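Undergrad: here's my sequence, what's the structure:
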Amino acid sequence: MLDIKFVRENPEIVKQNIKNKFQENKLELVDEVIRLDAEKRAAQQEADGLRAARNKLSKQIGALMGQGKREEAEAVKKEVAAQADRLGELSEKEKDLDEKILKIMMTIPNIIDPSVPIGKDDSENVEVRRYGEPVVPDFEIPYHTEIMEKFNGIDLDSARKVAGNGFYYLMGDIARLHSAVISYARDFMINRGFTYCVPPFMIRSNVVTGVMSFAEMDAMMYKIEGEDLYLIGTSEHSMIGKFIDTILQPEQLPQTLTSYSPCFRKEKGAHGLEERGVYRIHQFEKQEMIVVCEPEDSPMWFDKLWQNTVDLFRSLDIPVRTLECCSGDLADLKVKSVDVEAWSPRQKKYFEVGSCSNLGDAQARRLKIRVNGEKGKYFAHTLNNTVVAPPRMLIAFLENNLKEDGTVSIPEALRPYMGGMEKIG
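TA: Coordinates of the predicted model:
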């Protein structure tokens, strides 16, 4: 969320940013929120004047009563009462204007970084770099659920009966592989200096609106009926929420946390063949990383975060590439974002397995996460990145480690988490 003062003083910059994100329908909101802000400040100015006058008149009442001028004092009292009524009206007006301004400000997108490429959607994202050599074997790679089924590792039919589409039972060695990847990712991040955390899996509405846009909230979140609670779509939500209404000292920064959680998502809309199976589902588990830092340090941490994901996948012999997300593919709170994509030998192309985002002070402003520095209080910067989400990681892992005889090799780094197994077969 932007600072209303910035919008007031830089309306053309805000409008150009909206155009760069191809959200022209929001252009009128800039003029509307500036008008409402002017109306609110006028009401505040009138109220401040009335309060000053009331204080002055209150002193007069005391003086008049002391002089025995009761009638004159009563007349002044009536004037004070009239001012009190007007102050009540102005207070209600300010409250109403505050709500209208906040609603609009929560909708106006954050200012994107100048380095972000301009484009309408993810088809215009820009490849940055490839890591590892993509290989297409000279034997056919089955669909990922077929690979799992050969090991009796997945049961989709039973899951449909129990919970519907978008769920699964993982079994045997595939279930063990799933847990091994999570455990390996946890230790990988701990070894890089991050503090391990298991957060709440449900959060209140004020945290939800603090960490994401209304559009994301509607598309993703499941609400608990009858309670002010939502199931998290990613542990980033509760991890950033951990710092709500917090004033941090500079020496407490950066906060670098890695968290495990299940994730719950609506995943609205129809999806293609390659997104069935365990690619796009309503429930999955994930290892996440978040950083709360000084504003000037967020670009440095942004590069560190996505590099962690690249390094983890390469340690498991999976080729990956990084993509710079274009302006139209950025969620409204994001300043800059890079997707990490893994190589799919079956599809002969890369697919998304993680996303790294710098949100500037947008989440911190909404959640009131501040730093008490030498020059006063200011908002921290927040970042997040996927370490690994095993459903998609499993697809990349199985396809890239499948052998012609139908076995799946286990990279050396993962073997301690698989009881020393060198292959699944």
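Undergrad: so for the closest residue in space to residue 178 that isn't next to it in sequence, what's the pLDDT?
TA: Sequence neighbours aside, residue 390 is the residue nearest to residue 178 in space, at 4.7 Å (criterion: CB to CB, 6 or more residues apart in numbering). The C-beta positions use only the backbone N, C-alpha and C, and glycine is treated the same way. We have a pLDDT of 87 for residue 390.
Undergrad: for residue 390, phi and psi?
TA: Phi and psi for residue 390, reported as degrees, to the nearest 10, are phi -50, psi -30.
Undergrad: just give me the neighbour total for it.
TA: Neighbour count for residue 390, taken as other CB atoms under 10 Å: 21.
Undergrad: same question, residue 242
TA: Residue 242 has 18 nearby residues by other CB under 10 Å.
Undergrad: for it, what are its contacts?
TA: For residue 242, the contacting residues are 199, 257, by CB atoms under 8 Å, 6 or more residues apart in numbering.
Undergrad: ok, now how distant is it from residue 199?
TA: Applying CB to CB, to the nearest Å, the value for residue 242 to residue 199 is 7 Å.
Undergrad: ok, residue 219 next?
TA: From residue 219 to residue 199 the distance is 22 Å (CB to CB).
Undergrad: higher neighbour count, these two?
TA: Counted by other CB under 10 Å, residue 219 and residue 199 do not tie: residue 199 has more neighbours, with 21 against 15.
Undergrad: helix, strand, or coil at that one?
TA: Counting by DSSP: H, G, I helix; E, B strand; the rest coil, the backbone at residue 199 sits in coil.
Undergrad: spatially nearest residue to residue 128, not counting backbone neighbours?
TA: Nearest non-adjacent residue to residue 128 (CB to CB, 6+ apart): residue 322, at 4.4 Å.
Undergrad: and if you look at residue 256?
TA: Per CB to CB, 6+ apart, closest to residue 256 is residue 194, 4.8 Å.
Undergrad: repeat that for residue 284.
TA: residue 391 (4.7 Å).
Undergrad: and the strands in the stretch 1-150 of the chain, which stretches?
TA: 126-131 (DSSP state E, counting those that start in this stretch).
Undergrad: ok, and what's touching the host helix or strand of residue 398?
TA: Assessed by DSSP states H and E, residue 398 sits inside helix 390-401. Residues outside helix 390-401 that contact it (CB under 8 Å, 6+ apart): 135, 141, 144, 147-148, 174, 177-178, 181-182, 277-279, 281, 284-286, 313, 316-319, 342-346, 351-353, 408-411.
Undergrad: show me where the chain has helices.
TA: For the chain, the helices defined by DSSP state H occupy 4-9, 11-20, 27-66, 70-105, 144-150, 156-163, 172-190, 205-211, 214-220, 235-241, 298-315, 362-367, 390-401.
Undergrad: mean confidence score for the fourth one?
TA: Averaged across helix 70-105, the pLDDT comes to 81.
Undergrad: which intervals of the stretch 201-350 of the chain have sub-threshold pLDDT?
TA: Flagging of the stretch 201-350 of the chain using pLDDT under 70 yields the residue ranges 268-276.
Undergrad: still on that earlier bit, and the residue nearest to residue 178, how close does it get to residue 309?
TA: 14 Å.
Undergrad: what's the neighbour count on residue 368?
TA: There are 13 residues near residue 368, going by other CB under 10 Å.
Undergrad: now it: how far from residue 207?
TA: From residue 368 to residue 207 the distance is 12 Å (CB to CB).
Undergrad: who touches both of those two?
TA: Going by CB under 8 Å, 6+ apart, residues that sit against residue 368 and also against residue 207 are residue 244.
Undergrad: what's the burial count for the nearest residue to residue 100 once chain neighbours are set aside?
TA: Excluding the flanking residues, the one nearest residue 100 by CB to CB, 6+ apart is residue 36, at 5.5 Å. Neighbour count of residue 36, defined by other CB under 10 Å: 19.
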